[in-house]
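Visitor: Return a 3D structure for these sequence lines:
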Amino acid sequence: MRPAALDWSIENCTLARAMEVLGEKWALVVLREVFNGVRRFDDMRVRTGIPRQVLTNRLATLVEEGVLRREPYREPGSRLRHEYRLTPKGLDLWPVLVAVLAWGDRYLADPEGSPLRVAHRDCGGDVSVVLRCERGHEIDEPREVVPRPGPGARRRVG
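Guide: Numbers count the residues shown, from 1 in each chain. All right, here's what the predicted structure looks like:
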């Protein structure tokens with residue numbers, strides 16, 4: 001049986017567009033650091049081992065895409081530098097990072113477990129990502145979901 005997805009164009013796929021911004025490994029590592037409160041270039045470079053030019057490029061892309069913003073600061077006697085802060089667009093990526101962390105914990109963690117725990121600030125409980133449809137049904141299995149053309153879908157030509 002021929003998959004119905006073959007009838008639809010992927011030229012305006014928002015998942016592909018998101019991966020143009022986030023799909024390179026270092027982009028998510030940079031976001032992890034900023035979410036963890038590491039906001040300065042040198043701190044990120046030392047902590048992650050990202051080569052200087054790669055880090056410069058990733059930060060520039062994330063700023064250009066509106067995921068991060070640059071915030072100036074100056075240490076006494078030093079030149080003006082910038083910290084990197086999350087924008088609302090960047091904060092919206094938090095569930096993505098929590099989901100990727102959970103996947104990594106499930107399949108790639110050391111025998112002792114994950115080196116990072118994500119906890120609710122108020123009660124201390126572990127945080128997880130939950131899929132729920134607009135009518136309130138919790139989705140437990142991937143096979144409970146069916147992809148369908150959205151309002152921006154275009155029929156494939158040719």
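Visitor: Am I right that residue 83 is in a helix?
Guide: No: judged by DSSP: H, G, I helix; E, B strand; the rest coil, residue 83 forms no part of a helix; its state is strand.
Visitor: now the helices for the chain?
Guide: 14-22, 25-35, 41-48, 52-64, 88-91, 94-107 (DSSP state H).
Visitor: now could you export just the CA positions of the first one as CSV?
Guide: These are the backbone C-alpha positions of helix 14-22, laid out as CSV (Å, rounded to 0.1, in the frame of the first residue of the first chain):
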residue,chain,number,x,y,z
THR,A,14,8.3,23.2,9.5
LEU,A,15,10.1,20.2,11.0
ALA,A,16,12.8,20.5,8.3
ARG,A,17,12.9,24.3,8.9
ALA,A,18,13.3,23.7,12.6
MET,A,19,16.2,21.3,12.0
GLU,A,20,17.9,23.9,9.9
VAL,A,21,18.2,25.9,13.1
LEU,A,22,18.6,23.1,15.7
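Visitor: what's the offset of that helix from the middle of its chain?
Guide: Distance of helix 14-22 from the chain centroid (C-alpha atoms, centre = their mean, to the nearest Å) equals 10 Å.
Visitor: And the contacts of that helix?
Guide: With C-beta atoms under 8 Å, 6 or more residues apart in numbering as the test, helix 14-22 has contacts from 10, 27, 28, 31, 61, 62, 65, 67, 93, 96, 152. To be clear about C-beta, it is placed using only N, CA and C from the backbone, and glycine gets the same treatment.
Visitor: Dump those residues to a markdown table, plus neighbour count.
Guide: Putting these into a markdown table (neighbours: other C-beta atoms under 10 Å) gives the following:
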| residue | neighbour count |
| --- | --- |
| 10 | 11 |
| 27 | 20 |
| 28 | 17 |
| 31 | 23 |
| 61 | 18 |
| 62 | 24 |
| 65 | 16 |
| 67 | 24 |
| 93 | 21 |
| 96 | 14 |
| 152 | 8 |
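Visitor: Show which residues not belonging to stretch 132-150 make contact with it.
Guide: Taking C-beta under 8 Å, 6+ apart as the rule, stretch 132-150 contacts 5, 8, 130, 131.
Visitor: Thanks a lot, see you next time.
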